[in-house]
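*Asks:* The following comprises the amino acid sequence and a computationally predicted model.
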Amino acid sequence: MQRHYVMYYEMSYGLNIEMHKQAEIVKRLNGICAQVLPYLSQEHQQQVLGAIERAKQVTAPELNSIIRQQLQAHQLSQLQALALPLTPLPVGLQPPSLPAVSAGSGLLSLSALGSQGHLTKEDKNGHDGDAHQDDDGEKSD
């Protein structure tokens, strides 16, 4: 029973983190749209505003369809990752095995890995975008 509770808690926590992350992405994208919109012609401004309003009108069936497509794509990628190699392995070579995942490390470790993968170059370098750092470490404008 406790194992189920821990799994439920991890899933709930992971979904909560993902929801907040998506909300932050929406806020940032909204800010970008608001900054760029005045530079467009009047006609393009109207088109963009209309597209933004249409994007806000997501229905439950559309969400279900999107979730179903993402789930199918995720399952397909997992099956491809687990597929055995088509050519036989040389004698003495073992196929790679999957790492064991305990109930306590499941979603929390995956969400930590996922959040690290979404950092931009500016986030990793700690810069605000005014100047960037070259690969050799020197700052340039």
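*Replies:* Cool, the structure landed.

*Asks:* Show me where the chain dips below the pLDDT cut-off.
*Replies:* 84-141 (pLDDT under 70).

*Asks:* Can you tell me the element residue 15 falls in?
*Replies:* helix 2-36 (DSSP states H and E).

*Asks:* Kindly export the helix or strand that that helix is followed by (C-alpha atoms) in CSV.
*Replies:* Under the assignment DSSP H and E, the closest C-terminal helix or strand after helix 2-36 is helix 42-56. Extracted C-alpha coordinates of helix 42-56, given in CSV (Å, rounded to 0.1, in the frame of the first residue of the first chain):
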residue,chain,number,x,y,z
GLN,A,42,-1.8,46.3,-39.0
GLU,A,43,-3.0,43.4,-41.2
HIS,A,44,-0.5,41.0,-39.7
GLN,A,45,-1.3,42.1,-36.2
GLN,A,46,-4.9,41.2,-36.8
GLN,A,47,-3.9,37.8,-38.2
VAL,A,48,-1.6,37.1,-35.2
LEU,A,49,-4.2,38.2,-32.7
GLY,A,50,-6.8,35.9,-34.3
ALA,A,51,-4.4,33.0,-34.3
ILE,A,52,-3.6,33.6,-30.6
GLU,A,53,-7.3,33.6,-29.8
ARG,A,54,-7.9,30.4,-31.7
ALA,A,55,-5.0,28.8,-29.9
LYS,A,56,-6.6,29.7,-26.6
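
*Asks:* Which residues does helix 42-56 contact?
*Replies:* 33, 37-38, 40 (CB atoms under 8 Å, 6 or more residues apart in numbering). Quick note: C-beta positions are derived from backbone N, CA and C, even for glycine.

*Asks:* so residue 58, which of the three states?
*Replies:* For residue 58, the assignment made with DSSP: H, G, I helix; E, B strand; the rest coil gives coil.
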